[in-house]
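Participant: Return a 3D structure for these sequence lines:
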Amino acid sequence: MLDLIILSLHFFICFLISIAIWCGPKDVDSHSSSTGGDEMEPDGLIFIGKEEDIKKSQRIRAKINGREIVVFYHKGKFHALDSRCYHEGGPLCDGEIEDIDGQACIVCPWHKFKITLETGEGLYEGINPLEPSPTPKWQSKGVKQRIHKVTIDNGNVYVSPPDLSVSFDSDYFAEKYKNGGELAMVK
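Facilitator: Residues are numbered from 1 along each chain as shown. The predicted model follows:
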């Protein structure tokens, strides 16, 4: 009987802690720069930030219609994609960029999933067991992460709103974290 009481008390305390975490501060900025986004230009583009500022910080978080994105500047190019990993919603803005077979990839800090910055493809290292001496090779899982078109104009960086008529695996977590919802970006 005492075990049941202790177990119930433990679950109740865990429940209270989870409520406190979920009700805590939302949209906290981590080590990267952040912007509000959502400043729609007449041609439909959304202002993200100044080109030089993003080049200095190498990445910036923003929101497009409540959708969290991250813009990376890597090796002379700008790349924008949903800020949450397609696999489990990990914060890609905190990930490291690696070169994999000549492709710049963001590595999700939670489970080390690799996503190309250029196309949003998920990559994995696999082998063909039918080969006499199978060696691991990088292969594509297909496009999993939504990427966003980046436009540079007069030193300003803009992103096109997403075409939601086509769906990607990352849309699930983009929706779940949208508008500071229950799983908003937190430190």
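
Participant: Roughly how far does the residue nearest the centre of the chain sit from residue 147?
Facilitator: The chain has residue 83 as the residue nearest its centroid, 2.2 Å off, counting by C-alpha atoms, centre = their mean. The spacing between residue 83 and residue 147, counted by C-beta to C-beta, to the nearest Å, is 12 Å. Glycine gets a C-beta too; all of them are placed from N, C-alpha and C.

Participant: one step back: quick check: phi and psi at the residue nearest to the centre of the chain.
Facilitator: phi -80, psi -10 (degrees, to the nearest 10).

Participant: For it, which residues are in contact?
Facilitator: By C-beta atoms under 8 Å, 6 or more residues apart in numbering, the contact set of residue 83 is 61, 68-70, 91-93, 174, 177, 185.

Participant: Most neighbours of all these, which one?
Facilitator: Most neighbours among the contacts of residue 83, by other C-beta atoms under 10 Å: residue 92, with 28 neighbours.

Participant: which SS class is residue 175?
Facilitator: Here residue 175 is recorded as helix under DSSP: H, G, I helix; E, B strand; the rest coil.

Participant: Below-threshold pLDDT in this structure: ranges please.
Facilitator: 3-4, 7, 9-12, 14-40, 42, 179-187 (pLDDT under 70).

Participant: Now do the strands in it.
Facilitator: Per DSSP state E, the chain carries strands over the ranges 33-34, 39-40, 46-50, 59-64, 67-74, 77-82, 96-100, 103-107, 114-116, 121-126, 137-143, 147-148, 150-153, 156-159.
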